[in-house]
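K.L.:
here's a sequence, model it:
(chains A and B)
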Amino acid sequence: MPPRRWGRPSFPSRSEYSRLFRVMSAPWLDVLDDTIRSCAAHNRPDLAARLRETRVRQLDPKLRVLVLGEPRQGKSQLVNALVNAPVCAVGDDVTTTVPTFVQHAETPSATLVRTPANTPTERIPVPLDQLADQVRAGRTGELLRAEVGIPRDLLTSGLVLVDTPGVGDLRPAHTAGTFAALLQADAVLMVSDATAELTASEVELLKQVMASCPNVTVVLTKIDIAARWRRVAERNRAHLARAGVAAKLIPVSAALRLRAARTGDQALNAESGFPELLACVQQDIVAAADVLARRTVAVTAASAIRQLVAPVREELADQGPQTTIAKLNEAQRRIDELRRRSARWQTVLSDEMADLVSDLEYDLRDRTRRILREVDRTFETADPARGWDAFEQWLEDNLTEAAATNFAWLLDRSEWVAAKVARSFPVHRDDLLPESVFPADVLDRVSKMDKPVIERFSASQKLFTGLRGSYGGVLMFGLVTSLAGMPLINAVSLGAGALFGGKSVLDESEQRLKRRQAAARVAAQRHVDDFFLKFSKDARDAARAVQRSLRSHFSTLADDLQETLLESARSARRAVQDDAAERERRAREAKHELDRLGRLYQRVQALAGGAPPLGITA
Amino acid sequence: MTLADEVWALLEGALAVYRDSPRATAWLHGHRARFAEPVRVAVAGAPRAGKSTVVNALVGEEFAPTGAFTWYRDGGRPRATVGPHEVPVTRRDGRAFVDAGDADRVDVEWPSRSLRDLTLIDTPPGAPVERVHGEADAVLYLTRHVHSSDLGRLRAAHDHPVARAAPITTVLVLARADEIGGGRIDALTSAKQIARRYRREARVGPLCQNVIAVAGLLAVAARTLRADEFAALSALASLARTELEDHLLSADRFVGEDFPVRLDPAVRRALVDRFGIFGVRLTTTLIRQGFDTQVRLTGQLVQRSGLGELRESIGACFTERQEVLKARSALLGLDVVLRNEPRPGAAALAAGVDRVLASAHDFRELRLLAAIQSGRTALPGGLDDEATRLVGGLGTSVLARLGLDHRPTDAEMRHVVLDTVGRWRDRAADPAHDQAQRRAAAVVVRSCEAVLTALG
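P.N.:
Residues are numbered from 1 along each chain as shown, chains lettered A, B, ... in the order given. Purely as a prediction, here's the structure:
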């Protein structure tokens, strides 16, 4: 392992990154700040507050890039080479057991996140150089992830590199962690080494990944040890094309890059292929995320401006007291209408969520019942004392699968509910649907389970059972033969004792087996029950969190709308009271203001790219 | 009556019962002929796992892959046949090339000491599991690292009642050990540690008899090392380590311009193709360490690449157990006929198959081995290891069973065996053990008694 170096490396040149960021972050921030100022000037602190929230969120983007692939392809080494520091443990055997999040921090630090059974998640800071040992020492079931903070320019944009356990490893617990991380990923680096072409299972994995995160780049690692990596790269591109996967393929060598970092050899760094990979990360991932950020800002800002424009235009459009009074009435009517209909979307939301929760519970009940039935069938014949480990594994796998399917369904249905509520909302707007219906920590809440234990039939118990049986035999036959004048303990009674002893051991074994099977069934039942209880609670909590976030989203929208209508009404009322000269002056002012807003709107639309329909110029 | 005699008698009996069915007769004749042949070992595994490379290393000759089932047997002169027709064996880029066209099966006869008591079958990628296990008596399963899909394929081999009655005929090979750890010079040492871990892994152990790490590329190169290659490697090794280091960083650098010794790029390209960058790193280091003649280097490479261990394991698990493996295959074949064409006279044969499977001591030994490896039977106090050794888990020779590393006098040997038999007899009757443990001890006693008989 190379010596640990925690300081900022002198290479690659830092200006490389910082220049890119200065250029990229400026435009949308200015426009957003201008819009916020306008909102404040127009006496709409509610809109300003919302835009400020967006600003905070966009300024602190967590851009999760998942590094994933089959075991032993060089994933951890790739992350290390990207940040030029040994932040992830690498080894010759299967090393990574939990996802490791590598993100920016002023000083190098490391944290373990774990959930011991039945308690909320806890975070334990550990010294960075002991992280690997601590991860190995912790129980996989309890450890959720490791987090590493390290000062790197690459990461300052909010980029988080997530090193994951290999997919297809023999221990499925590791793989489950990877798929949980996949749900939150913004982009994926799929790692495959250059010593062999993509296998069928890797292509399958790639397709699976594409389904949940389409921003995928394939990284061909270890090109230093593969003499024919160019041919492998060629074939892999053909494989990708055949599978219909539109992903870039970039050949790299982490070994060369790390050596180049140690010796400061620029030529070697170029040879390692990492400059190209970094450029790709910048363009396709960071820049793509920037486009997304601009679009979000554009939509929110545009909607705010449109709300500012509406009252101004009302003011401008009024021609005289009569129309103004009509306007005033109209505004009042629309406010009433809004109040009436906002009751409707609230009902829709609460009804749909109630349905969702009960459907979820039924689905989970159905799945667990099917598993239990299978358990019953198995233990009618099988002896739980043998192969209990395999059975536990099977049960765990099946329950995990049931939970995963159930949860995925919850996510799907929630989106659908959001869409439905949006449809019953009184007006249509671009930002009607929330960006995400899920609170960020929704996945952390799902708790882990304990394993059941069962008793065994020991040799001493057997001896005791045998003795009990033989004692009965000796006594019974001893009494009978004592009638014939023999002593109580004689050859016949002893023989019978041995016979009875043997038989009772046999019977007892049989009974024990039955009891063991019953015990196993009960244990499985209890375990599944526990699972059901815990998981359905988790699912219900998650559903409630979703409902809460949807409700707050839509009520904010409704409040906005109401405030806009009230403002129109107020300006109409002012117009009724004003005299002609005053009206003239105000109209001029309004026209001026409208022009200004129109220009701002244009700038906002330019952010998202493409010329938008305007229709709000004076 | 030995196991071979019993199985032979069953085959003869079946031929008599089925003499009017041409299909069954042809099938049984095939199995009778196969019964007398050397044990057949198929080399199977996922695509690109290094199957052909391992076959080449075992035969000691570089063959160009044919893309078909290729059988390698011992023969007086190099000769290849497709069906009844002989096809020419030519040389292409220094490799033996057999033009098989799109044939399904190629038979190659090759003069090689390694093939004397062994027939090797190289299987094409994606060969169906049933066919591989049907044609071979035992399997070398190759993989780069154990993937969950490999376990499925290994398990499929045990999915037959006869196969279950005589389990474990597989050795798992981690075939590209030189790629571990990015081709570091000590890659093979950690590959061996990984193999050891898999041996203990509860989900892998029961499916195979042994796990071995082999650097296939290096093994082939070692067995077919040419004088000109050795000269080139010596020239490289004459450079100082630091001087060469930069050029061994990557395969690209090694074949690039501006090289410190006068070696044609084509020669370097050939070297890195044959040895891999890891092989070049290792051989130059070894030559510097004093393995500076071709013979010494070859010996060292064969040992380091894991080929020696692989051969030993094939000996202990396959060729020494030839009799029982052959009997197993014959019984599997017989079972197919009895199932497909049931008839009145066959009932006695089916009973005979069951009887041999249940009572033949060789099968009992294999079952006990499987039970111990999978943890179904656990003997108290570290006796597992002794039991495994005594029933032939480490080799079936008398010395391997007794765990002796030198041959003592007959009297001493007899004393050791008698002592062992006595101890295990006690265990077989010990009421503190459960029934499975007592039964296991009885099997061990029977094995020891067989050893005693062999001593005479």
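K.L.:
which elements pack onto the helix or strand harbouring A:Leu499?
P.N.:
Assessed by DSSP states H and E, A:Leu499 sits inside helix A:491-577. Here helix A:491-577 touches helix A:45-59, helix A:287-317, helix A:321-381, helix A:388-423, helix A:459-483, going by 3 or more CB pairs under 8 Å, 6 or more residues apart in numbering or on different chains; DSSP states H and E. All C-beta spots, glycine's among them, are computed from the backbone N, C-alpha and C.
K.L.:
give me every residue in the stretch 201-350 of chain A lying close to chain B.
P.N.:
Neighbours of chain B within the stretch 201-350 of chain A, by CB under 8 Å from any CB of the partner chain: A:201, A:222-229, A:253-256, A:259, A:268, A:271.
K.L.:
and those residues, which are buried?
P.N.:
With neighbours counted by 16 or more other CB atoms under 10 Å in any protein chain shown, those contain buried members at A:222-227, A:229, A:253-256, A:259, A:268, A:271.
K.L.:
just those residues: which are in helices?
P.N.:
In helices, defined here by DSSP state H, the members of these are A:229, A:254-256, A:259, A:268, A:271.
K.L.:
greatest separation within these: which pair is it?
P.N.:
The largest separation in those, counting by CB to CB, is between A:Trp229 and A:Arg259 at 17.5 Å.
K.L.:
returning to what we had before: A:Val312: which of the ones in helices among the buried ones among the residues of the stretch 201-350 of chain A next to chain B is nearest?
P.N.:
Nearest to A:Val312 among these, with distances taken as CB to CB, is A:Ala254, at 58.9 Å.
K.L.:
how close does that closest one sit to A:Arg237?
P.N.:
Applying CB to CB, to the nearest Å, the value for A:Ala254 to A:Arg237 is 21 Å.
K.L.:
also B:Phe278?
P.N.:
B:Phe278 is 26 Å from A:Arg237, by CB to CB.
K.L.:
likewise for A:Gly158?
P.N.:
Shown here: A:Gly158 relative to A:Arg237, a distance of 31 Å by CB to CB.
K.L.:
over to A:Thr156?
P.N.:
For A:Thr156, the distance to A:Arg237 - CB to CB - is 33 Å.
K.L.:
now do A:Thr100
P.N.:
The spacing between A:Thr100 and A:Arg237, counted by CB to CB, is 30 Å.
K.L.:
element containing the residue of chain B positioned farthest from its centre?
P.N.:
In terms of distance from the mean C-alpha position of chain B, B:Asp258 ranks first, at 44.2 Å (CA atoms, centre = their mean). For B:Asp258, there is no host helix or strand (DSSP H and E).
K.L.:
closest approach to chain B from the stretch 301-450 of chain A, which residue is it?
P.N.:
Chain B sits closest to A:Arg386 of the stretch 301-450 of chain A, with a gap of 6.0 Å, by CB to the nearest CB.
K.L.:
could you pull up phi and psi at that residue?
P.N.:
phi -100, psi 150 (degrees, to the nearest 10).
K.L.:
quick one: it and B:Thr377 touch, right?
P.N.:
No - in this structure, A:Arg386 is not within contact of B:Thr377 by CB atoms under 8 Å, at 9.8 Å.
K.L.:
list residues touching both of those two?
P.N.:
Common neighbours of A:Arg386 and B:Thr377, using CB atoms under 8 Å, 6 or more residues apart in numbering or on different chains, do not exist here.
K.L.:
higher neighbour count, these two?
P.N.:
B:Thr377 (21 against 14; other CB atoms under 10 Å in any protein chain shown).
K.L.:
close to chain A: what parts of the stretch 301-450 of chain B are there?
P.N.:
So far as CB under 8 Å from any CB goes, the stretch 301-450 of chain B lies against chain A at B:376, B:431-434.
K.L.:
mind running it again at 7 Å?
P.N.:
B:376, B:431-432, B:434 (CB under 7 Å from any CB of the partner chain).
K.L.:
in the stretch 101-250 of chain A, what residue is nearest chain B?
P.N.:
Counting by CB to the nearest CB, the stretch 101-250 of chain A gets nearest to chain B through A:Asp224 (3.5 Å).
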